[in-house]
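Trainee: Pasting the sequence and the predicted coordinates here, then a few questions.
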Amino acid sequence: MDLTGMRALLTSEGWALLAGLPPYDEQQAMALGERLRAEGHDPALVAAALTQSRLRARAAGKLGPFAADMLLTPDGLEQATRLSVAAHHARRYVAAGCERVADLGCGLGSDAMAFAGLDRAVLAVDRDELTAALATMNLRHFPDVEVRCHDVTELDLDAMLQPGDGVWFDPARRTVSSSGSRRTVDPEAASPPLSFVLDVARRFPATGAKLAPGIAHRHLPEGAEAQWVSVGGELVECALWCGPLAREGVARSALLLDGAGSVHELLADPARTGRPDVGAPGAFLHEPDGAVVQAGLVPEVAQRLGGRLLDPTIAYVTTDAPAGRDVRPFVHSYAVDDVLPFHVKTLRARLRDLGVGSLTIKKRGSTVDPDALRRQLRLAGDAHATIALTRVAGRQTVLLLRLLP
């Protein structure tokens, strides 16, 4: 992010220029930039304003109408909590009776915005100076929000917080190496590390944290609730809830938001004993949502479906009857039209007979490269098909599927 352009954007002239831009259009952006520079606007300011316009357009699906009035950075937008998810975070603190929440690692302020929107006082902290400045602008409409630039690991939280205050962490999970930056699922490689979060939770029990959705269960502390969250079928986070934020007797849960306001939740069933049955493919195949899989709740889904696994290590559930209404939100369901041993020539002939020219390839428990397989199949035709590559009774198998409404 160009700091010179960002500083210019924070002036009255820059703010007015940004406010006067039309809705972002990739096809018109270059011509618009040329026109603004020809009108005498500073090139750095024009570039910054158009960047913000582009980022706001990208952010609309994640941050809703608030995006149109926010200042963003590419990295900050990538890590920002979706507003629909942040609202669920905020409700935890309200239910726990927390009147004030410290948002430590606040980023651009989407979680702080949700806390403040439910009338919580908020202390928002980020160690990056630019990010803290942008968060200050993004949270300017909320009088009970204070933003500070500080390293959260160096804060004297005992002096800053009162008993009963809530704490929310959104640790940075991107590590930098000679080969570039990448996200990490190791909670001790995050900043701050999970051990620091748990130390704070011992002093301020109402502590929550946003963790990598791929975190291994062995890293999760006993007595806390870990909730995996997906939005529109995309797995977005694992939220760790400690103390009064956790629900009694709930160690793992999955929260599914469909993007249209529907909310579905699945909890680990303490009464369930044993593992699901394993058996041959039936008339239907069910693919559990990613949040369900990562939460380890496939057995709960199989129990509700009255189904069985194709393989004890693979998260595909098969049934002889369609899924009931109560379990449909947690799975993508398919009718099984055919079951074939995996052999390229056999599969090619079957798809050719069906006139398949485009193919969706799903796989679990298979090492086959989908792109390489498409090239080998040499598809031609007008029809579309879906297949699943998986194991059945230890053998590589192809299931020809039809997605159900």
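Mentor: Arrived safely.
Trainee: surely A291 meets A254?
Mentor: Yes: applying C-beta atoms under 8 Å as the test, A291 and A254 come out as touching, 4.0 Å apart. The way it works is simple: take the backbone N, C-alpha and C, and place the C-beta from them, glycine included.
Trainee: okay, and the common contacts of these two?
Mentor: W228, V229, S230 (C-beta atoms under 8 Å, 6 or more residues apart in numbering).
Trainee: a markdown table for those residues, including secondary structure?
Mentor: Formatted as a markdown table, the shared contacts of A291 and A254 follow (DSSP: H, G, I helix; E, B strand; the rest coil):
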| residue | secondary structure |
| --- | --- |
| W228 | strand |
| V229 | strand |
| S230 | strand |
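Trainee: Now the buried members of those residues.
Mentor: W228, V229, S230 (16 or more other C-beta atoms under 10 Å).
Trainee: what residues are up against the first one?
Mentor: With contacts taken as C-beta under 8 Å, 6+ apart, W228 has the following neighbours: 213, 235, 237-238, 252-255, 290-292, 294-295.
Trainee: Identify the residue nearest it in space, chain neighbours excluded?
Mentor: A291 (4.0 Å; C-beta to C-beta, 6 or more residues apart in numbering).
Trainee: Give me the neighbour count for the one you found.
Mentor: 29 (other C-beta atoms under 10 Å).
Trainee: do the same with the one 3 residues further on
Mentor: In terms of burial, Q294 registers 24 neighbours under the definition other C-beta under 10 Å.
Trainee: correct me, but it touches V236?
Mentor: No: if you go by C-beta under 8 Å, Q294 and V236 don't touch, sitting 10.9 Å apart.
Trainee: Give the burial count for P299, as a bare number.
Mentor: 17.
Trainee: again, but for L285
Mentor: L285, neighbours per other C-beta under 10 Å, totals 26.
Trainee: Let me know the closest of the buried ones among the shared contacts of A291 and A254 to A102.
Mentor: Proximity of these to A102 (C-beta to C-beta) peaks at V229, which lies at 21.5 Å.
Trainee: Now that that closest one has come up, it's in contact with V85, right?
Mentor: Yes: V229 lies in contact with V85 (C-beta under 8 Å); the separation is 5.7 Å.
Trainee: shared neighbours of the two, anything?
Mentor: With C-beta under 8 Å, 6+ apart as the test, V229 and V85 both reach V236, E237, L257.
Trainee: Confirm Q227 sits in a helix?
Mentor: No: counting by three-state DSSP, Q227 falls outside a helix, being strand.
Trainee: So it sits against A254, correct?
Mentor: Yes: with contact defined as C-beta under 8 Å, Q227 and A254 form a contacting pair (7.1 Å).
Trainee: Residue ranges in the chain under the pLDDT threshold?
Mentor: Low-confidence segments of the chain (pLDDT under 70): 1-2, 174-182, 273.
Trainee: buried ones in the longest helix seen in it?
Mentor: Longest helix in the chain by number of residues, with DSSP state H as the criterion: helix 43-63. The neighbour-count check on helix 43-63 (16+ other C-beta under 10 Å) flags 44-56, 58-59, 62-63 as buried.
Trainee: Mind checking what secondary structure the residue nearest in space to the middle of the chain has?
Mentor: Residue closest to the average C-alpha location in the chain (C-alpha atoms, centre = their mean): V236, at 1.2 Å. In three-state terms, and counting by three-state DSSP, V236 is strand.
Trainee: Is the nearest residue to it once chain neighbours are set aside bridged to anything, and to what?
Mentor: Spatial nearest neighbour of V236, excluding adjacent residues (C-beta to C-beta, 6+ apart): V229 at 5.5 Å. V229 has these beta-bridge partners by DSSP bridges: E237, L255.
Trainee: so what's V229 up against?
Mentor: V229 touches 85, 88, 213, 235-239, 254-257, 291, counting by C-beta under 8 Å, 6+ apart.
Trainee: Go again with 10 Å.
Mentor: 81-82, 84-85, 88-89, 210, 213, 235-239, 253-257, 265, 290-291, 294-295 (C-beta atoms under 10 Å, 6 or more residues apart in numbering).
Trainee: now R402
Mentor: F284, L285, S333, Y334, A335, V336, D337, A385, T386.
Trainee: That one and P288: what is the separation?
Mentor: 18 Å (C-beta to C-beta, to the nearest Å).
Trainee: Now do the helix or strand containing R37: everything it contacts.
Mentor: Remark: R37 resides in helix 29-38, with elements defined by DSSP states H and E. With contact meaning C-beta under 10 Å, 6+ apart, helix 29-38 is reached by 17, 20-22, 24-25, 28, 41-43, 45-47, 49-51, 53-54.
Trainee: now do 8 Å
Mentor: L17, L21, P22, P43, V46, A47, A49, L50, S53, R54.
Trainee: Quick check: the farthest pair among those?
Mentor: P22 and P43 (19.3 Å).
Trainee: Double-check D311 against Q396; I have them as touching.
Mentor: No: if you go by C-beta under 8 Å, D311 and Q396 don't touch, sitting 10.8 Å apart.
Trainee: tell me, what's touching the two both at once?
Mentor: T390.
Trainee: Dump stretch 283-294 to PDB, keeping only the CA atoms.
Mentor: The C-alpha trace of stretch 283-294 is given here as PDB (Å, rounded to 0.1, in the frame of the first residue of the first chain):
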ATOM      1  CA  ALA A 283     -28.700 -44.800  -4.000                       C
ATOM      2  CA  PHE A 284     -27.400 -41.500  -2.500                       C
ATOM      3  CA  LEU A 285     -24.100 -40.000  -1.600                       C
ATOM      4  CA  HIS A 286     -23.800 -37.200   0.900                       C
ATOM      5  CA  GLU A 287     -20.800 -34.900   1.200                       C
ATOM      6  CA  PRO A 288     -20.700 -33.200   4.600                       C
ATOM      7  CA  ASP A 289     -19.900 -29.500   4.800                       C
ATOM      8  CA  GLY A 290     -16.300 -28.600   5.500                       C
ATOM      9  CA  ALA A 291     -17.100 -27.200   8.900                       C
ATOM     10  CA  VAL A 292     -18.700 -30.500   9.800                       C
ATOM     11  CA  VAL A 293     -15.700 -32.400   8.600                       C
ATOM     12  CA  GLN A 294     -13.100 -30.300  10.400                       C
END
